[in-house]
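In: here is a sequence together with a model predicted from it:
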There are 2 protein chains.
Amino acid sequence: MSTYKLTYFPVKGLGEPIRFLLSYAGISFEDERFDRDDWPKIKPTTPFGQVPVLDVDGKKIAQSVAISRYLAKKSGLAGKDDWEALEIDSIVDTIHDVRARLAAFHYEENEEIKAAKRKIADEVVPYYLERLDAQVKNNGGYFVGGALSWADLSFVALLDYLNFMNGSDLIEKYDNLKQLKEKVLNLPAIKSWLDKRPHSDF
Amino acid sequence: MSTYKLTYFPVKGLGEPIRFLLSYAGISFEDERFDRDDWPKIKPTTPFGQVPVLDVDGKKIAQSVAISRYLAKKSGLAGKDDWEALEIDSIVDTIHDVRARLAAFHYEENEEIKAAKRKIADEVVPYYLERLDAQVKNNGGYFVGGALSWADLSFVALLDYLNFMNGSDLIEKYDNLKQLKEKVLNLPAIKSWLDKRPHSDF
C-alpha cells in the first residue's frame, strides 16, 4: 500500500481540495501542517518552491489542481469519458480563475492598488458565479454530467478560502451552488473529514 | 468525423498550445481569429466570457489547459500512466504560474505598480526556469518520462507569448530548454503548422 503525506500551511487554502479527495477515496494520509515561520526551511525541499506538495511513497509532487485530478481518478470522480474529463477540467480552471481574481486584491499590500483590484473582482466574480450556478442547475445539481466529480469537491473545499479572501459569502445569492455545497458537505466521507480536521479560519 | 473550430484573438497567446496539439494529432480545424474590435460581440457567445474556445461538433468548451489535455490524449501525449499524467499536469500548471507572473506586470497600466510587479517577476521567474531546465536535463531531454508530452508542446507553443510579455528571450541562459524548443519546432507536424500559420508577433 502506498503512503501519502500532504505538506501545506496550517490552513485549508489550496490544500483542502486534496484533503477532500484523499478522504473521499478512503486514503489515509499524513496531514503535515507546518508553521509559517518554518516556510524558509521547507521551501527548498519542494519541487518548485511551492506548497501544497503531495509525497507518495517518497516521490514529491506539486500543484494542487494536478494532484486533485490524480486522486480523483482513484475514486471515479474524473468523468466517465475524455469529454467529461475535459468539462470537469474546464470548470476547475474557471474556479481557479475566480480564485486568482480574489487573490489579486486580497494579497495586495498597497491600499490604492488593492481598491482598484477589488473593484475589478466585484465586477468579474459575479459574472463567473452566475454561470457556475447555471452550470449546476443545467447539469442535475452537479457541475458536470449529473454526477459528483472532483470539480464539485474542489469548489466546496475551496469555498472557505475564497470567502475569506472575499470578506463575505460568495454563493449567498446562488441557490444551486448552495445546494451543491450542502450535498458535498453531507457525503459521509467528507462529513467524517470535517469532524476530524483541525480548525482553521480559511 | 468530428469538426473542430478554435476561436481566439489573432495571436498565438493561449491559443497556440491548442493549435500545436491539434496539428500534432493531425486534426484539421477551423482557426477562427477575430478582430479585437469584435470581442464584445463574441464574449457573450462563450461559456465563461473567455477565449480560447474550442467547438467540437457544435459543443463549445473553454480553458486552454483543459482543452490541451483533452487533445493530448488523442495522440498519446498525456503520459503512459496516471502518475506520468500527474507529472505532466504539474509541469503545465507551473509553466502557467510563470505566465501569470509575467502577465501581472505586462497588463498593468499603472507604471508604478508595473515596476513593482516586474521586480517580483524578475526574482521569481528565473527560480522557476532553473528548475524547469533541470527537469528537462534529468528526464532525457523532455519534461516528463524521457518522452514527448503535451507539457513540451505547450511550453514551446507559449514561448513567443511569454517572451513578448517579458521583453526578452526567457530561455536564453537555459540550454536544456533551448534544446527542447528546437526538438519541438522540428517535429514534422509542428514544422508544417509553423509554415502555414498566419504571422503574429506573440
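Out: Alright, I've got the coordinates.
In: residues from chain A in reach of chain B?
Out: A:47-50, A:56, A:59, A:61-63, A:65-67, A:69-70, A:73, A:82-83, A:85-87, A:89-90, A:92-94, A:97, A:100, A:110, A:113, A:116, A:127-128, A:131 (CB under 8 Å from any CB of the partner chain). Where C-beta positions appear, they are placed from N, C-alpha and C, glycine not excepted.
In: which of the residues you listed are buried? Put it as a ChimeraX command.
Out: Listed next is the ChimeraX selection for buried residues among these, using 16 or more other CB atoms under 10 Å in any protein chain shown:
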select /A:47,48,49,50,56,61,62,63,65,66,67,69,70,73,85,86,87,89,90,92,93,94,97,113,116,128
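In: okay, and the helix or strand of chain A with the least pLDDT?
Out: helix A:111-137 (a mean of 95; mean pLDDT, DSSP states H and E).
In: relative to helix B:111-137, how tilted is it?
Out: 60 degrees (axes from the mean of the first three to the mean of the last three CA atoms, to 10 degrees).
In: what residues sit buried inside helix A:111-137?
Out: Applying 16+ other CB under 10 Å to helix A:111-137 flags A:113, A:116-118, A:121, A:124-125, A:128-129, A:132-133, A:135-136 as buried.
In: any idea how far B:Val56 is from the nearest residue in space to A:Leu194 that is not next to it in sequence?
Out: Distances taken as CB to CB, 6 or more residues apart in numbering or on different chains place A:Leu185 nearest to A:Leu194, at 6.7 Å, with adjacent residues excluded. Per CB to CB, to the nearest Å, A:Leu185 is found 34 Å from B:Val56.
In: let's see which of the residues of chain A next to chain B end up in helices.
Out: In this view, the residues of chain A next to chain B that belong to helices under DSSP state H are A:65-67, A:69-70, A:73, A:82-83, A:85-87, A:89-90, A:92-94, A:97, A:100, A:113, A:116, A:127-128, A:131.
In: out of the buried residues of helix A:111-137, who's nearest chain B?
Out: A:Ile113 (5.4 Å; CB to the nearest CB).
In: just to check, that closest one is in contact with B:Lys114?
Out: No. Applying CB atoms under 8 Å, one finds A:Ile113 not in contact with B:Lys114, separated by 10.7 Å.
In: per-residue confidence for A:Asn110?
Out: For A:Asn110, the model assigns a pLDDT of 87.
In: isn't it up against B:Lys117?
Out: No. Look at A:Asn110 against B:Lys117 with CB under 8 Å: they stay out of range, at 10.8 Å.
In: quick one: contacts for A:Tyr161?
Out: Under the criterion of CB atoms under 8 Å, 6 or more residues apart in numbering or on different chains, the neighbours of A:Tyr161 are A:11-14, A:16, A:99, A:202.
In: in PyMOL, how would I select the buried members of those residues?
Out: Typed into PyMOL, the next command selects the buried ones out of the contacts of A:Tyr161 (criterion: 16+ other CB under 10 Å):
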select buried, chain A and resi 11+12+13+14+16+99
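In: sort out which of the contacts of A:Tyr161 are in helices and list them.
Out: Those of those lying in helices (DSSP H): A:16, A:99.
In: relative to A:Gly141, which of the contacts of A:Tyr161 is nearest.
Out: Distance to A:Gly141 across the contacts of A:Tyr161 (CB to CB) is lowest for A:Glu16, with 21.7 Å.
In: A:Asp160 and A:Phe202, how far apart?
Out: Counting by CB to CB - A:Asp160 and A:Phe202 are separated by 5 Å.
In: anything in contact with each of the two?
Out: By CB under 8 Å, 6+ apart, the residues touching both A:Asp160 and A:Phe202 are A:Lys12.
In: quick one: which two of the contacts of A:Tyr161 are the most distant?
Out: A:Val11 and A:Arg99 (13.9 Å).
In: and the residue nearest to A:Leu194, what does it touch?
Out: A:Leu185 neighbours (CB under 8 Å, 6+ apart): A:156, A:191, A:194.
In: now A:Tyr174
Out: A:129-130, A:132-133.
In: ignoring the adjacent residues along the chain, who's closest to A:Ala100?
Out: B:Ala100 (7.2 Å).
In: please parse chain A into its domains.
Out: A:2-74+A:187-193, A:80-185 (the TED database).
In: out of those domains, flag the one nearest B:Pro198.
Out: domain A:80-185 (26.3 Å).
In: what's the span of that closest one from first residue to last?
Out: 23 Å (CA to CA, to the nearest Å).
In: what strand or helix carries the closest residue to A:Asp201 other than its chain neighbours?
Out: Nearest non-adjacent residue to A:Asp201, counting by CB to CB, 6+ apart: A:Phe164, 6.4 Å away. Assigned by DSSP states H and E, A:Phe164 belongs to helix A:150-166.
In: how about A:Leu6, phi and psi?
Out: Dihedral angles phi and psi of A:Leu6 (degrees, to the nearest 10) take the values phi -110, psi 130.
In: so what's it up against?
Out: A:15, A:18-19, A:22, A:29-32, A:52-55.
In: likewise for A:Ile95?
Out: A:132, A:151, A:154-155, A:158.
In: separation between it and chain B?
Out: Going from A:Ile95 to chain B by CB to the nearest CB, to the nearest Å gives 10 Å.
In: distance of that residue from B:Phe48?
Out: On the measure of CB to CB, A:Ile95 and B:Phe48 end up 10 Å apart.
In: cool, and A:Pro17?
Out: A:Pro17 is 20 Å from B:Phe48, by CB to CB.
In: got it, and A:Asp31?
Out: Following CB to CB, the distance that separates A:Asp31 from B:Phe48 is 33 Å.
In: surely the residue nearest to A:Asp201 touches A:Phe202?
Out: Yes. Between A:Phe164 and A:Phe202 there is a contact under CB under 8 Å: 3.4 Å.
In: which residue packs closest to A:Pro10, ignoring adjacent ones?
Out: A:Arg33 is the one closest to A:Pro10 (CB to CB, 6+ apart), at 3.9 Å.
In: hang on, I meant A:Tyr24
Out: A:Ala189 (4.8 Å).
In: same thing with A:Phe34?
Out: That would be A:Ile42: by CB to CB, 6+ apart, it lies 5.7 Å from A:Phe34.
In: ok, A:Lys80 - how many residues close by?
Out: Neighbour count of A:Lys80, defined by other CB atoms under 10 Å in any protein chain shown: 12.
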